[in-house]
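Novice: Provide a 3D model corresponding to the input given below.
(chains A and B)
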Amino acid sequence: MPLSISPMSATLLLAAALSLAFVVVFAPQRARRPSLLVWGLGGLVGMAAIAVAPNLDLVILLTLAIALLHAALAGRRALAARLRAPALAVALLGVGLLFARFDGPPMLERFAAVGLVAGLAAALGVLPYIHEFDHEELTTASPVAWIAFLGPILGVVVITRGRELIPGAAAAFGAMLIGLGLLNILWGSIASWLTEKGTSAWHYSFMADWGLVLCAFGIQVADGQAAAVLTLSGILLSRLPLYLWSRQPLRESVQTDRPINLLAAAMLAGAAPFAGFAARILLLRGATQIYWPLALVIAIGLLLWLPPSLRLGRTLGVPRGRQAVGAGVTLALSVAIGLYPQPILSLAGL
Amino acid sequence: MTIAAAIVAWAGAAVITLADGRRGLAVGIAVVAIGFGALAIANGGWLGGVALIAGGTVSAIQLARTGSKDWGLMPPGSTPRMILAVVAAILSLWVAASVTTGPGAPLRFASVAVLGLMAARLLQAQAASPVLTAAAALAIALAGASGIGDTGPGLAPYVLGALVAAGASFLPIREPGGA
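Specialist: Now for the predicted structure:
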């Protein structure tokens, strides 16, 4: 079986590696760097294996292996709670794969699409399968590892290979992704704005970003795929490092309104000139090509990012020392990608 | 032969669904592995079948030799689980024999039944052992199901499935509060 990696997966793997480097080099003072590095590298190896796996059977089995290893980490939730959602995702993806391979009426391909989309949602931890979240849990053992670190590669691989498996149900597959995406945009952004706990607000904000990604993948035109890649890069390179750096100020209940907080809020909200802005423009352009009322709905959804982003920006506190350097590098990188996204898109084969 | 193997695989999944004790779970995972191993062997995948049986055996032995030595089969209140096991078999039979077409109906039946039952067990179980055993059975079922269709999966899914099934039983169970 030939091993190969798609340009999109390779790009996201590179972004994940960069994200891990940021997180370890500019780690918060109380963070355990060796633990972050070891588990981050472990996750990266798992993601690389998923990316090069020659078929979806191996992808699903590798996901189960990663879920078991992740559940074995010492966490605040019971093992059953930590393993339940990812293992259920594996079962759903498996059922989807089975239905895709069965010979029979065309309706089977639609059932396969349901299984694949439901399995992906369960693996990521987005609606309707939000992972149980404990705001005091270490990030490496928490569901954030799935939604923000492992999820991008898994999402790309399942969506691209799933689409090839069920060509007859590609439209239904895309429609389900868009529907689930809109639901997550709405739920994630409103919950991120209104929830009481700061760490939960960050968790919901990842869900909202995934809503954009699912919509972008559902829009099966080049602009949609480009928007998905840029949003996923934003999750890995911007949102995840900022989340980790906000953990300490959140524990100390520190909230500030300095320029750095406003800049971080603008970046999280996808304002110009940050990378999220380019992703949103591409998404709206792609949606307009398919069906303009969809672009209108997405545009209204995008407005919901502003209040939670202002809240999340404040939770960063006033970064000092290496964290200040890290925040500066993250902002600068996001501006660079926002102003000139072509290198990333070319790397992803778009 | 293949029909018997498919029924054996379903029976193993039903035992995992109905058991709470480690010995009961060990028997369940061993029976699932024998069922899918026999199906793989019957389809010409000798090495893959042997790998699945080996993985299930290791998992069963590890389950049986550690922790409490209880069976926990059909504890009080397990009637819904029993109904689930029977309904899953009927639905899977309908999908494998009536909805879908082509050769390999026993493997289709076993795959759908075991995946469905293990998904339900994952959602229902609160303790670590049943969840890990369900995950191990999932690995065996997914590896066995790779033989469906004209995909020519090779040995890799079988070996990986066996490794995951065996490895799941060796994972340290770290529960909050040291349980």
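Novice: residues in contact with the residue nearest to the spatial centre of chain B?
Specialist: Centroid-nearest residue in chain B, with Cα atoms, centre = their mean: residue B:137, separated by 3.1 Å. Counting by Cβ atoms under 8 Å, 6 or more residues apart in numbering or on different chains, residue B:137 makes contact with B:12, B:13, B:16, B:28, B:29, B:32, B:114, B:118, B:165. (Each C-beta comes from the backbone N, C-alpha and C, glycine too.)
Novice: extract the CA atoms of the strand or helix carrying it and return them as CSV.
Specialist: Residue B:137 is part of helix B:128-145 when elements are defined by DSSP states H and E. The C-alpha coordinates for helix B:128-145 follow below in CSV (Å, rounded to 0.1, in the frame of the first residue of the first chain):
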residue,chain,number,x,y,z
ALA,B,128,-13.5,1.9,32.9
SER,B,129,-13.3,-1.9,32.2
PRO,B,130,-16.5,-2.2,30.1
VAL,B,131,-15.5,1.0,28.1
LEU,B,132,-12.0,-0.3,27.4
THR,B,133,-13.4,-3.8,26.5
ALA,B,134,-15.9,-2.2,24.1
ALA,B,135,-13.1,-0.2,22.5
ALA,B,136,-11.1,-3.4,22.1
ALA,B,137,-14.1,-5.1,20.5
LEU,B,138,-14.5,-2.1,18.2
ALA,B,139,-10.9,-2.4,17.1
ILE,B,140,-11.4,-6.1,16.2
ALA,B,141,-14.7,-5.4,14.4
LEU,B,142,-13.3,-2.5,12.4
ALA,B,143,-10.3,-4.6,11.4
GLY,B,144,-12.5,-7.6,10.5
ALA,B,145,-14.9,-5.2,8.5
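Novice: I'd like the mean pLDDT over that helix, please.
Specialist: For helix B:128-145, mean pLDDT rounds to 96.
Novice: buried set for that helix?
Specialist: Along helix B:128-145, these residues count as buried under the neighbour rule (16 or more other Cβ atoms under 10 Å in any protein chain shown): B:128-145.
Novice: where does residue B:152 fall, phi/psi-wise?
Specialist: Backbone dihedrals for residue B:152, given as degrees, to the nearest 10, come out at phi 60, psi 60.
Novice: what count of nearby residues applies to it?
Specialist: 9 (other Cβ atoms under 10 Å in any protein chain shown).
Novice: buried set for the longest helix anywhere in chain A?
Specialist: Ranked by number of residues, the top helix in chain A under DSSP state H is helix A:170-194. Neighbour-count burial for helix A:170-194, with 16+ other Cβ under 10 Å as criterion, is recorded at A:170, A:172-174, A:176-178, A:180-189, A:191-193.
Novice: which SSE is residue A:69 in?
Specialist: Applying DSSP H and E, one finds residue A:69 within helix A:56-71.
Novice: nope, residue B:9 is what I meant
Specialist: Here residue B:9 is assigned to helix B:2-18, by DSSP H and E.
Novice: for that helix, packing partners?
Specialist: Counting contacts by 3 or more Cβ pairs under 8 Å, 6 or more residues apart in numbering or on different chains; DSSP states H and E, helix B:2-18 packs against helix B:22-42, helix B:79-94, helix B:105-124, helix B:128-145.
Novice: which of those is buried the deepest?
Specialist: helix B:128-145 (a mean of 30; mean count of other Cβ atoms under 10 Å in any protein chain shown).
Novice: just want the angle from that helix to helix B:2-18.
Specialist: 160 degrees (axes from the mean of the first three to the mean of the last three Cα atoms, to 10 degrees).
Novice: low-confidence stretches in chain B?
Specialist: Chain B contains residues with pLDDT under 70 at B:174-179.
Novice: make it 90
Specialist: Scanning chain B for pLDDT under 90 picks out B:1-2, B:43-45, B:65-78, B:102-103, B:126, B:147-154, B:171-179.
Novice: what do you get for the stretch 201-350 of chain A?
Specialist: In the stretch 201-350 of chain A (pLDDT under 90), the answer is A:220, A:247-259, A:272, A:316-324, A:350.
Novice: can you map out the helices along it?
Specialist: All helices of the stretch 201-350 of chain A, identified by DSSP state H, counting those that start in this stretch, fall at A:222-234, A:240-251, A:259-269, A:275-290, A:292-303, A:306-314, A:322-339, A:342-347.
Novice: what residues of the shortest one count as buried?
Specialist: Neighbour counts over helix A:342-347 (16+ other Cβ under 10 Å) mark A:344, A:345, A:347 as buried.
Novice: now whatever helix or strand comes next after the helix holding residue A:69: mean pLDDT?
Specialist: Counting by DSSP H and E, the element after helix A:56-71 in chain order, helix or strand, is helix A:79-101. For helix A:79-101, mean pLDDT rounds to 95.
Novice: just the C-alphas of helix A:79-101, formatted as CSV.
Specialist: The C-alpha trace of helix A:79-101 is given here as CSV (Å, rounded to 0.1, in the frame of the first residue of the first chain):
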residue,chain,number,x,y,z
LEU,A,79,-11.6,7.3,32.1
ALA,A,80,-15.0,6.3,30.8
ALA,A,81,-15.9,10.0,30.3
ARG,A,82,-12.6,10.7,28.6
LEU,A,83,-12.9,7.8,26.2
ARG,A,84,-16.6,7.8,25.5
ALA,A,85,-16.9,10.5,22.8
PRO,A,86,-13.8,9.6,20.8
ALA,A,87,-14.6,5.9,20.9
LEU,A,88,-18.2,6.6,19.9
ALA,A,89,-16.8,8.7,17.0
VAL,A,90,-14.8,5.7,15.9
ALA,A,91,-17.9,3.5,16.0
LEU,A,92,-19.9,6.0,14.0
LEU,A,93,-17.1,6.5,11.4
GLY,A,94,-16.9,2.7,11.2
VAL,A,95,-20.6,2.4,10.5
GLY,A,96,-20.3,5.2,7.9
LEU,A,97,-17.4,3.4,6.2
LEU,A,98,-19.4,0.1,6.2
PHE,A,99,-22.4,1.7,4.5
ALA,A,100,-20.1,3.4,2.0
ARG,A,101,-18.8,-0.1,1.0
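Novice: any part of that helix near chain B?
Specialist: Yes. Under the criterion of Cβ under 8 Å from any Cβ of the partner chain, chain B is reached by helix A:79-101 at A:79-80, A:83-84, A:87-88, A:90-92, A:94-95, A:97-98, A:101.
Novice: for that helix, packing partners?
Specialist: Checking 3+ Cβ pairs under 8 Å, 6+ apart, helix A:79-101 ends up next to helix A:56-71, helix A:107-124, helix A:151-165, helix B:105-124, helix B:128-145.
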